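Asker: Got a predicted structure plus its sequence, pasted below:
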Amino acid sequence: MSLISAIVAVCKSLPILERLFLQVADGIKEAKAKARYNAKLDHIDTAMRLHGLPYGGRVQQHEKADGTSAVSESRVSRAGLHEGRAENDS
């Protein structure tokens, strides 16, 4: 433990060494994060290959929408409060 304390003391006394060690530590963290990210992407790619894409692996798009909306349109637009049963809520 005294060796680590000595290294920390030297690093604090020489700021350039402290920055160097911090840059090395940041580089190691970034490398590990990139490796984890690539492993996740590989896992996703493997799952996609295993389960396959529908319709022979090609993405299909519709030519055009039929024009009807699933949401009904209201002709009257009003802002207001919902006057529910607030007095009975517990």
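Answerer: That came through fine.
Asker: And residue 73, what's its pLDDT?
Answerer: As predicted, residue 73 sits at a pLDDT of 64.
Asker: cool, residue 31 as well?
Answerer: 96.
Asker: so where does it fall, helix or strand?
Answerer: Residue 31 is part of helix 15-51, with elements assigned from DSSP states H and E.
Asker: So, low pLDDT: which residues of this structure?
Answerer: Across the chain, the ranges flagged by pLDDT under 70 are 1, 53-90.
Asker: repeat that for 80
Answerer: Along the chain, the parts satisfying pLDDT under 80 run over 1, 11-12, 52-90.
Asker: Check the gap between residue 7 and residue 13 for me.
Answerer: Going from residue 7 to residue 13 by C-beta to C-beta, to the nearest Å gives 11 Å. (C-beta placed from N, C-alpha, C; glycine too.)
Asker: Of these two, give the one with the bigger neighbour count.
Answerer: Between residue 7 and residue 13, counted using other C-beta atoms under 10 Å, the more crowded position is residue 7 (12 against 9).
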